[in-house]
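**Student:** Fold the following, please.
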Amino acid sequence: MSAGSYELLRALVSPVVAITTRRGEELNGLIVNSALRASLSPEKLRLSIIVHKFNHSHDMIFESGVFTAHILQADQMELVIRLGTASGRDG
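**Tutor:** Now for the predicted structure:
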């Protein structure tokens, strides 16, 4: 990939999205790499997210069937760091 191509791809930005989940009393969250609108119709809203299998939240979402997506704002960097740099397995 050329430097010019890289600069063009930098314009393809998506929002920073936090996913939170609950399994019983256990709460967890993470920052996802990909969150996309997956619906053409406003009546049938769909969201496509990628949560890797090695993430603690993956098992929680799989087992509980519960998650919430949060589109973060620029002033929520502390939350991005908190959810994006540590695993829920660690506390």
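**Student:** rest of the way, CA atoms for contacts and neighbours
**Tutor:** Will do.
**Student:** Let me know the pLDDT of the spatially most central residue of the chain.
**Tutor:** Geometric centre of the chain, nearest residue: Val32, 2.5 Å, by CA atoms, centre = their mean. Predicted confidence (pLDDT) at Val32: the value is 91.
**Student:** OK, contacts around it?
**Tutor:** Residues counted as contacts of Val32 (CA atoms under 8 Å, 6 or more residues apart in numbering) are Val16, Val17, Ala18, Ile19, Ile49, Ile50, Val51.
**Student:** Let me know the closest of these to Glu25.
**Tutor:** Ile19 (16.7 Å; CA to CA).
**Student:** Please identify the pairing partners of the helix or strand containing the closest one and their relative orientation?
**Tutor:** When secondary structure is defined by DSSP states H and E, Ile19 falls within strand 17-23. Strand 17-23 sits in its sheet next to strand 26-31 (antiparallel), strand 68-71 (antiparallel), going by DSSP bridges.
**Student:** Not counting the helix or strand following the longest one itself, show me its contacts.
**Tutor:** Elements were assigned by DSSP H and E; along the chain past strand 26-31, the next helix or strand is strand 34-37. Contacts with strand 34-37, where a contact means CA under 8 Å, 6+ apart, come from Ser14, Pro15, Val17, Leu45, Arg46, Leu47, Ser48, Ile49, Ile50.
**Student:** and if we set it to 6 Å?
**Tutor:** Identification of contacts with strand 34-37 by CA atoms under 6 Å, 6 or more residues apart in numbering yields Leu47, Ser48, Ile49, Ile50.
**Student:** Show the low-confidence segments of the protein, by residue range.
**Tutor:** Residue ranges of the chain with pLDDT under 70: 1-3, 91.
**Student:** quick one, helices of it?
**Tutor:** Remark: helices assigned in the chain by DSSP state H are 3-10, 56-64, 77-84.
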